[in-house]
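K.L.:
I would like the atomic coordinates for the input below:
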Amino acid sequence: MKQLFRLVRFSNLIIIGFTLVILRYVSSPVYSDSKVFFVVLAGTILIAAAGNIINDILDLEIDLINKPHNVVIGNQINKNIAWGLYITFNSIALLLIVSTGVMVLFLVFLSAIILLFLYSYKFKKLAILGNLTVALLCSWVVIELLFIEYTFLSDYWIKIMYMYALFAFISTFGRELIKDIEDFEGDKKMGCKTLPVVAGVQSAKILVIISFSILLILLALEGYWFFLNNKIAVSVYIFVLLLLPLSFIILKLPLAKEKSDYTILSKLMKIYMTLGLGMLFFV
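P.N.:
Numbering: from 1, shown residues only. Alright, predicted model coming up:
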């Protein structure tokens, strides 16, 4: 079981689940059909788990170079079993959404499955495109909830959901670039064309700094918007727990030299994105 949790990135799945649950139950006293929501919740988690599995299956050779001690497939879980889990998780997700009769969401789920496969098969090895794909899929979690809850939300909460989707997109995009820098050596040996490989580590770092600087400005504007709406607690939360840590990460990026430096920055960004989720309790 422990090996399976590592394979599907269980902690990431918990964050996805909490994001959907928190957004739904803090955004409005009235909700959409509970069955549809819980199907979206379960389906999203299953598709994300399947996406992590296919990523490990198709990236096995690269992972043996970049992180040999963390490889699960082949060492702890048989590759054929991993394929079986991938197909099973995606199939259950699609069957669940068909049971609701909401075919638009079926197309959303199917698109996410295809994008995750294309990311692992091709996009991940290409400059920028892979980073944008993951960022889009992370913000997609918020957008799909906005879709099913839209008629029950106030204009205030619709704006907040768009803000949070943008936060998820930019922070994920930057973190994915940091991970590409971290995996530079293995990606280069395997012929991947990630941004650090084709344009250099320094260029990738500059793009991360630009992305995070844009996010910094947007967060400052968001904090001011909350202040104008007499939401002092969330305004303080943004300035103390989101702006200051992000500023620290931006300042640390130019100083990063070793693979371990980028590993730490990647982990810090994961914690930071969780702090972004915590903001929703105050809005």
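
K.L.:
make it CA atoms for all contacts and neighbour counts henceforth
P.N.:
Noted.

K.L.:
Could you report the pLDDT at A49?
P.N.:
As predicted, A49 sits at a pLDDT of 96.

K.L.:
And the helix or strand of the chain with the lowest mean pLDDT, what does it pack against?
P.N.:
Using mean pLDDT, DSSP states H and E, helix 60-66 stands out as the lowest-scoring helix or strand of the chain, at a mean of 71. The contact analysis (3 or more C-alpha pairs under 8 Å, 6 or more residues apart in numbering; DSSP states H and E) places helix 60-66 against helix 184-189.

K.L.:
again, 10 Å this time
P.N.:
Helix 60-66 is packed against helix 34-58, helix 184-189, with contacts defined by 3 or more C-alpha pairs under 10 Å, 6 or more residues apart in numbering; DSSP states H and E.

K.L.:
Just name the most buried of the ones you listed.
P.N.:
Greatest average neighbour count among those goes to helix 34-58 (a mean of 21), per mean count of other C-alpha atoms under 10 Å.

K.L.:
closest to L136 out of the helices and strands packed on helix 60-66?
P.N.:
L136 sits nearest to helix 34-58 of all the helices and strands packed on helix 60-66, at 13.1 Å, using C-alpha to C-alpha.

K.L.:
mind listing what's buried in the helix or strand in which I160 is found?
P.N.:
Using DSSP states H and E, I160 falls within helix 155-182. Using 16 or more other C-alpha atoms under 10 Å as the test for burial, helix 155-182 gives 157-158, 160-161, 163-182.

K.L.:
likewise stretch 19-26?
P.N.:
By 16+ other C-alpha under 10 Å, the buried positions in stretch 19-26 come out as T19, L20, L23, R24.

K.L.:
Mind putting those residues into a markdown table with distance to G200?
P.N.:
Listed next are the buried residues of stretch 19-26 as a markdown table, based on distance: C-alpha to C-alpha, whole Å:
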| residue | distance to G200 |
| --- | --- |
| T19 | 35 |
| L20 | 37 |
| L23 | 39 |
| R24 | 42 |
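
K.L.:
wait, which of those residues is closest to V236?
P.N.:
Comparing those against V236 with C-alpha to C-alpha places L23 closest, at 19.9 Å.
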